[in-house]
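Engineer: Build the 3D model from these lines:
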Amino acid sequence: MNNMKKVALIFLIALFIPGMGSAQTVSPDVANAFRRAGIPVRKPVPIRDFTVRMLDGSAQKASGLKGNVVFLNFWATWCGPCRTEMPSMENLYQRFKDRSFVMLAIDLQEEREDVSSFMRQMGLTFPMGIDDGPISRMYGISAIPTTFIIDKNGYIIAAIAGGRNWNTQEVFFAIDSLLND
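Structural biologist: Next comes the predicted model:
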């Protein structure tokens, strides 16, 4: 097993096994809000830093997002559940974009023009990056969509595999509670 695979395996173990990871915890109010929204809260683990190429040609470092609540979503245009959840992600983004909330969707290995065209057709305005493989491998992405919720200190507090409706009052309350924590 090469070093990158070992690092990814250790990261996934720390992410998905309770009690592993950092000593940081999520406040009971935030945990309860996320539970009511049907989003399982995990023992927080620090994000792995990466740089992603954005659709506009710029680069975004994950570490540069610290201080914000981050909604990190891995997806692809050909993925049915991804396509279904995108409008609710846009609503979530519009609701919180003027606060310390960053939505970063990362398309997996598709052409920039295909992703840009999809975003225009769907009326999506949130930031979009394209991963040629290393980021999704680093995060152990094996199913899409997969979403990570990251607190202002740069810790992943939730990991959700599969599509969902992000446009609910419970989700809004959960994100709001994390922003105010």
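Engineer: Residue 85 against residue 160, yeah?
Structural biologist: No - assessed by C-beta atoms under 8 Å, residue 85 is found out of contact with residue 160, at 10.1 Å. Any C-beta I mention is one placed from the backbone N, CA and C, and that applies to glycine too.
Engineer: Give me the more crowded residue out of the two.
Structural biologist: The residue with more neighbours, out of residue 85 and residue 160, is residue 85; 22 against 16, by other C-beta atoms under 10 Å.
Engineer: who touches that one in this structure?
Structural biologist: 145, 163-166 (C-beta atoms under 8 Å, 6 or more residues apart in numbering).
Engineer: And residue 124, by the same measure?
Structural biologist: So residue 124 contacts 86, 89-90, 118 (C-beta under 8 Å, 6+ apart).
Engineer: residue nearest the centroid of this protein?
Structural biologist: residue 72 (1.7 Å; C-alpha atoms, centre = their mean).
Engineer: I would like the residues contacting the host helix or strand of that residue, please.
Structural biologist: Using DSSP states H and E, residue 72 maps to strand 69-75. Defining contact as C-beta under 8 Å, 6+ apart, one finds that strand 69-75 is touched by 47, 62, 82, 86, 89, 92-93, 96, 100-108, 131, 136, 139, 141, 144-152, 175, 178-179.
Engineer: Run me through the strand neighbours of that strand, direction for each.
Structural biologist: For strand 69-75, the paired strands and their directions (DSSP bridges) read strand 101-108 (parallel), strand 146-150 (antiparallel).
Engineer: Dump the C-alpha coordinates for the first one into PDB.
Structural biologist: If I follow you right, that is strand 101-108. Taking Å, rounded to 0.1, in the frame of the first residue of the first chain, the C-alpha atoms of strand 101-108 are listed here in PDB:
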ATOM      1  CA  PHE A 101     -20.800  30.300   4.900                       C
ATOM      2  CA  VAL A 102     -18.900  28.900   1.900                       C
ATOM      3  CA  MET A 103     -20.300  26.400  -0.500                       C
ATOM      4  CA  LEU A 104     -17.700  24.600  -2.500                       C
ATOM      5  CA  ALA A 105     -18.800  22.000  -5.000                       C
ATOM      6  CA  ILE A 106     -16.100  19.800  -6.600                       C
ATOM      7  CA  ASP A 107     -16.900  18.100  -9.800                       C
ATOM      8  CA  LEU A 108     -15.000  14.800 -10.400                       C
END
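Engineer: Good, we can wrap up now.
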